[in-house]
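S.K.: no FASTA, just this:
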Ligand SMILES: Cc1cc2nc3c(=O)[nH]c(=O)nc-3n(C[C@H](O)[C@H](O)[C@H](O)COP(=O)(O)OP(=O)(O)OC[C@H]3O[C@@H](n4cnc5c(N)ncnc54)[C@H](O)[C@@H]3O)c2cc1C
């Protein structure tokens with residue numbers, strides 16, 4: 001493996017882990033170890049440069065004879081379609097929205113990281129690499145992360161050239177701010193709409209290729225199956241969501257850039273449509289799902305107000321640059337107007353516990369501390385009913401303050417408006433409270449998934465010809481993603497990595513010609529039709545949404561911010577019951593031959609249920625705490641995540657075990673040579 005060839009000589013190679021505890025015994029089968037056949041070697045700083053040179057070229061005339069399917073038009077898919085189209089390949093691009101511009105990436109608020117060191121505050125490629133590996137609690141692959149840090153600067157140049165209106169300082173230079181888990185300012189932003197502006201950049205680059213004829217665009221198309229012929233991914237089955245018609249599309253290579261699956265929890269900050277179907281269908285066809293239990297719970301979201309809600313709203317982490325997080329010191333003050341609580345009675349708990357990083361500790365840490373404060377009874381806002389660990393119902397306040405008062409005093413209201421006005425307007429519209437006058441109330445919510453389809457260094461899954469990019473793959477963030485790193489990864493994958501690695505794959509072309517009559521195509525089409533028929537025919541009494549909500553409740557309760565062996569086992573049992581309930585008692589309205597949002601949702605929820613079970617098994621197996629995966633059984637005396645590198649320094653890559661079979665676990669050892677594994681500390 002790459003690790004043994006590293007020449008940097010910084011740190012000794014660590015030992016491969018040996019797993020001793022096995023809470024999940026009986027829930028899975030242990031498979032062969034997994035080794036990335038494309039893992040690079042050599043000093044970490046030259047790995048990507050060498051790989052780009054070693055990868056074979058495809059001459060421009062031959063590119064016109066090769067085709068690529070890209071599912072997803074968010075930052076990862078949009079960037080890949082634009083770049084591969086520009087290179088001259090025939091690209092077919094798919095999304096389920098009515099425009100590529102509506103991909104979930106548009107919601108990203110806070111910013112995008114890059115190691116430009118414009119502030120001369122000590123940033124560098126190595127520091128971004130270091131912060132990201134540490135932030136992910138040493139559960140990511142170091143070669144991938146280094147490459148990400150390396151190309152980060154190119155992303156900003158590319159986007160500026162496209163006209164993305166990044167915030168600028170008075171002198172005209174691009175401005176930066178800080179995000180959690182770092183002590184430098186490396187986050188580029190466009191007010192609170194960074195994702196939207198970046199997506200418009202990628203979209204216009206893609207539309208240029210649509211006009212040039214290299215990219216064909218299929219909106220309102222949902223991929224429902226992957227076509228694998230002779231061991232290679234060769235196409236997809238998609239449903240035209242307007243007419244209900246099933247279509248097959250074939251190509252020489254397939255890219256999934258289909259985003260994250262946080263909506264398995266029902267309530268999340270993700271767009272309502274975000275789902276797991278594309279990657280889960282590929283998983284069922286043999287693609288490994290890696291670290292599915294690694295979920296990011298973001299500390300600064302508007303708290304849940306009641307059972308009626310179907311969506312949660314993020315307040316960007318960028319607010320933690322200027323906002324101070326606190327709760328009252330005394331339980332009896334929790335009902336008071338926060339403005340009446342004097343300074344000496346406030347507990348700025350993040351600043352108190354983590355003096356070095358203060359309010360800018362990573363998300364997993366800030367989230368857990370907010371939860372502890374509320375568990376102690378020092379939460380604020382309305383009381384909500386919940387069932388405690390003892391099974392008893394209780395009333396708890398689930399909120400902490402994010403207070404801009406000091407910043408407004410220091411910088412003036414205008415400066416704060418300039419940076420955050422759209423976020424603060426959104427907060428006021430949702431809560432009815434003016435954040436310039438009253439401290440905002442926030443609480444952690446599901447936001448992002450670090451898990452996803454397993455890919456090697458070239459972003460190819462274990463299925464030949466199936467590449468996976470953006471949030472849909474597992475690759476770069478380990479057990480916790482740092483803020484502003486998802487946009488960086490999506491654009492790195494789409495603009496810079498895939499165009500270099502896919503060409504090496506395509507250099508093997510021309511590939512065997514296949515058409516609609518190929519048995520693999522027919523089999524995939526028939527299986528989709530059969531599944532739709534089944535969904536339409538159950539005709540039970542439960543709405544799709546009610547089942548989704550129940551699943552979300554189970555996931556949040558037992559596989560959310562804190563996980564235990566007992567809780568996870570209970571969750572697996574409940575999910576299995578829910579799966580039976582779904583397939584015998586769901587009611588899907590409407591018809592399959594037309595626009596049918598109920599049918600769309602039903603397919604997605606069926607996949608979420610299976611994914612939820614695998615997430616719990618993955619979490620059960622990993623009897624350690626790392627990043628966003630917090631096992632109550634594995635914590636330090638201070639309540640921090642306690643890793644067990646001797647047992648769990650591996651990527652858990654799960655193979656589908658069949659409809660009634662147990663999933664098969666393949667372990668890919670994580671071996672660090674350019675960075676030393678340490679207990680994370682932000683104190
Ligand atoms: C509220 C919010 C704010 C955020 N802010 C930031 C931030 O400031 N900085 C940061 O770095 N990250 C941020 N993130 C995370 C970041 O936005 C996402 O991780 C990232 O945009 C994902 O991009 P993507 O291209 O991988 O997928 P997406 O943007 O989710 O796009 C997925 C695409 O796949 C398509 N698709 C999916 N399934 C199918 C299917 N079956 N058939 C056809 N098409 C399909 C969709 O139509 C869509 O086009 C934020 C996330 C949220 C929820």
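M.R.: Perfect, thanks for sending it. Remember, predicted model here, so these are calculated numbers, not experimental data.
S.K.: all strands of the stretch 451-600 of the chain, in order?
M.R.: Applying DSSP state E, counting those that start in this stretch to the stretch 451-600 of the chain gives strands spanning 452-453, 466-468, 542-543, 586-587.
S.K.: what's the second one packed up against?
M.R.: Which is strand 466-468. strand 253-256, helix 277-284, helix 498-506 (3 or more Cβ pairs under 8 Å, 6 or more residues apart in numbering; DSSP states H and E). Where you see a C-beta, it was placed from the backbone N, CA and C, and this is true even at glycine.
S.K.: dump the ones you listed to a markdown table, plus mean neighbour count.
M.R.: Formatted as a markdown table, the helices and strands packed on strand 466-468 follow (neighbours: other Cβ atoms under 10 Å):
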| stretch | mean neighbour count |
| --- | --- |
| strand 253-256 | 30 |
| helix 277-284 | 25 |
| helix 498-506 | 22 |
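S.K.: any idea how far residue 491 is from residue 78?
M.R.: For residue 78, the distance to residue 491 (Cβ to Cβ, to the nearest Å) stands at 9 Å.
S.K.: er, residue 228 actually
M.R.: Residue 228 is 29 Å from residue 491, by Cβ to Cβ.
S.K.: so the two - more neighbours on which side?
M.R.: residue 491 (31 against 22; other Cβ atoms under 10 Å).
S.K.: enumerate every residue touching the more buried one.
M.R.: Residues near residue 491 by Cβ atoms under 8 Å, 6 or more residues apart in numbering: 75, 76, 79, 112, 155, 158, 159, 198, 202.
S.K.: and those residues, which is closest to residue 415?
M.R.: residue 112 (21.7 Å; Cβ to Cβ).
S.K.: now do the residue nearest to that closest one when sequence neighbours are not counted, the pLDDT please.
M.R.: Sequence neighbours aside, residue 487 is the residue nearest to residue 112 in space, at 4.1 Å (criterion: Cβ to Cβ, 6 or more residues apart in numbering). For residue 487, the pLDDT comes out at 98.
S.K.: columns distance to the ligand on top of the strands of the stretch 451-600 of the chain, output as JSON lines?
M.R.: Below are the strands of the stretch 451-600 of the chain laid out as JSON lines (distance: least, Cβ to the nearest ligand atom, whole Å):
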{"stretch": "strand 452-453", "distance to the ligand": "9"}
{"stretch": "strand 466-468", "distance to the ligand": "10"}
{"stretch": "strand 542-543", "distance to the ligand": "22"}
{"stretch": "strand 586-587", "distance to the ligand": "20"}
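S.K.: neighbours of residue 308, how many?
M.R.: 6.
S.K.: residues touching the residue of the stretch 401-550 of the chain found nearest the ligand, list them.
M.R.: With Cβ to the nearest ligand atom, the shortest gap between the stretch 401-550 of the chain and the ligand falls at residue 470, namely 2.3 Å. Neighbour list for residue 470: 72, 74-77, 257-259, 486, 489-490, 493-494 [criterion: Cβ under 8 Å, 6+ apart].
S.K.: just residue 535 next, same as before
M.R.: With Cβ under 8 Å, 6+ apart, residue 535 has these contacts: 586, 588, 599, 602, 603, 606.
S.K.: just the ones of those in helices?
M.R.: In this view, those that belong to helices under DSSP state H are 599, 602, 603, 606.
S.K.: pLDDT wise, what is the residue of the stretch 401-550 of the chain closest to the ligand at?
M.R.: In this model, residue 470 carries a pLDDT of 98.
S.K.: how about the one 5 residues further on?
M.R.: As predicted, residue 475 sits at a pLDDT of 86.
S.K.: right, and it touches residue 459 too?
M.R.: Yes. Taking contacts as Cβ atoms under 8 Å, residue 475 lies within contact range of residue 459: 7.0 Å.
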